[in-house]
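[1] got a structure for you, letters missing:
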C-alpha cells in the first residue's frame with residue numbers, strides 16, 4: 001500500500017468520524033492544501049511499525065497481525081455505522 005493511499009484512507013476515516021481522533025485527521029494545510037493531519041498520523045504509524053518490527057522474533061508475523069486487526073476494526077465499525085443509519 002502506498003503512502004498516498006494510506007493518508008487518503010486516514011482522511012476518509014476522519015471525515016466519517018470513525019475514530020476519536022477524527023478532528024486531527026481532517027486538518028488541512030493552508031499553504032500546501034494537503035491533509036496534514038492524516039499525513040502526520042500516517043507518519044507516526046509508519047515510524048512505530050518500522051521501529052517495532054526488527055525487535056520481534058518474526059517481524060512479518062507482527063506486521064500481518066497488526067494489519068489484519070486494524071482493518072478488521074474499521075470494517076466492523078463501518079458496518080456498525082451502516083446498521084445505525086438505516087431506518
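    Arrived safely, thanks for sending. All values reported here derive from a predicted model rather than from experimental measurement.

[2] list the contacts for the nearest residue to residue 34 once chain neighbours are set aside?
    Nearest residue to residue 34 in three dimensions, chain neighbours excluded: residue 28, at 6.7 Å (C-beta to C-beta, 6 or more residues apart in numbering). Every C-beta, even on glycine, is put in place using the N, C-alpha and C of the backbone. Residue 28 sits next to 34-37 when contact means C-beta atoms under 8 Å, 6 or more residues apart in numbering.

[3] could you redo the last one with a cut-off of 10 Å?
    Contacts for residue 28 were tallied using C-beta atoms under 10 Å, 6 or more residues apart in numbering; they are 11, 34-38.

[4] which of those sits closest to residue 47?
    Nearest to residue 47, judged by C-beta to C-beta, of the contacts of residue 28 is residue 38 at 15.1 Å.

[5] which SSE is the residue positioned nearest the centre of the chain in?
    Nearest residue to the geometric centre of the chain (C-alpha atoms, centre = their mean): residue 10, 4.6 Å. Element membership of residue 10, judged by DSSP states H and E, is helix 3-16.
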